[in-house]
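Student: Take this sequence and fold it.
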Amino acid sequence: MAMISMQRIFTAFQGHRRLASGPAGEVALVVKRMTSPPDEPIIIFEDGTGRSIDFDLRGGDREVLARVARLVPSPVEETAPPSEPRGRGRPKLGVVAREVTLLPRHWEWLNAQPGGASVALRKLVDEARRASGDKDRERQARDAAYHFMSTMAGNLPQFEEASRALFADDRRRFTGLIADWPVDVRDHIVKLAYSDRA
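Tutor: Modelled structure (predicted):
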């Protein structure tokens with residue numbers, strides 16, 4: 001299950017100061033409209049992954065927004081059906097054919113299930129997603145926090161110990177270790193790591 005909600009959120013930092021947070025187009029325009037050349041680099045992060053992303057900010061606002069829209073499609077565009085004709089499968093469900101390699105005993109079991117192998121595999125995947133949903137979201141949040149933290153705080157005191165506490169899911173120790181870090185960086189790390197478990 002993707003951690004990305006209906007709208008992907010991005011956050012721009014100049015040095016250790018948070019400039020803007022929101023949809024890609026809004027953040028890109030805030031960064032573009034900065035009047036003077038920055039004395040510290042500006043880095044834009046996707047909150048869902050904690051990874052930095054580069055936006056091409058040349059040209060007018062419409063040009064920037066068009067390029068950002070191609071780079072970061074809206075959720076509706078990401079799930080829109082392709083305009084080309086579809087082949088076999090169940091188009092209303094958006095079924096995609098891929099190869100699966102299993103042992104003969106697995107195929108035998110799948111083929112004996114009501115609805116056949118495809119239905120059984122879909123049910124198994126859905127059940128696994130339900131069963132591990134919270135753990136998957138926690139792992140994705142932790143990974144996003146770590147990616148952001150590595151870029152923005154890799155040289156700050158206690159980084160290694162804070163990383164260990166983050167991966168050990170020791171929230172109290174983690175927040176204590178990063179308490180003296182720059183406020184915007186610290187708050188963003190905590191938001192990425194723990195906002196879904198407030």
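
Student: Compute the first-to-last residue distance for stretch 174-184.
Tutor: One end of stretch 174-184 to the other measures 16 Å (Cα to Cα, to the nearest Å).

Student: what's in contact with that stretch?
Tutor: 13, 16-18, 153, 156-158, 161-162, 165-166, 186, 189-190, 193 (Cβ atoms under 8 Å, 6 or more residues apart in numbering). C-beta coordinates here come from the backbone N, C-alpha and C atoms, glycine included.

Student: Return the backbone torsion pair for A128.
Tutor: Main-chain torsions, A128, degrees, to the nearest 10: phi -60, psi -40.

Student: burial of it, as a residue count?
Tutor: A128: 11 surrounding residues under other Cβ atoms under 10 Å.

Student: got it, and F45?
Tutor: Per other Cβ under 10 Å, the neighbour tally for F45 reads 24.

Student: Need phi/psi at it.
Tutor: Main-chain torsions, F45, degrees, to the nearest 10: phi -120, psi 150.

Student: go on, L19?
Tutor: phi -90, psi -50.

Student: mind listing the helices for this protein?
Tutor: 24-32, 61-71, 75-79, 104-112, 116-153, 159-167, 171-177, 183-194 (DSSP state H).

Student: Least confident of those helices, on average?
Tutor: Lowest mean pLDDT of the helices of the chain: helix 75-79, a mean of 51.

Student: So what does the residue positioned nearest the centre of the chain look like in phi/psi?
Tutor: Computing the C-alpha centroid of the chain and ranking residues by Cα atoms, centre = their mean puts G48 first, at 2.6 Å. When read as degrees, to the nearest 10, the backbone of G48 gives phi -70, psi -30.

Student: Show the contacting residues for the spatially closest residue to L65 that is not a sequence neighbour.
Tutor: Excluding its sequence neighbours, the residue lying closest to L65 (Cβ to Cβ, 6 or more residues apart in numbering) is G25, at 4.9 Å. Counting by Cβ under 8 Å, 6+ apart, G25 makes contact with V64, L65, V68, A69.
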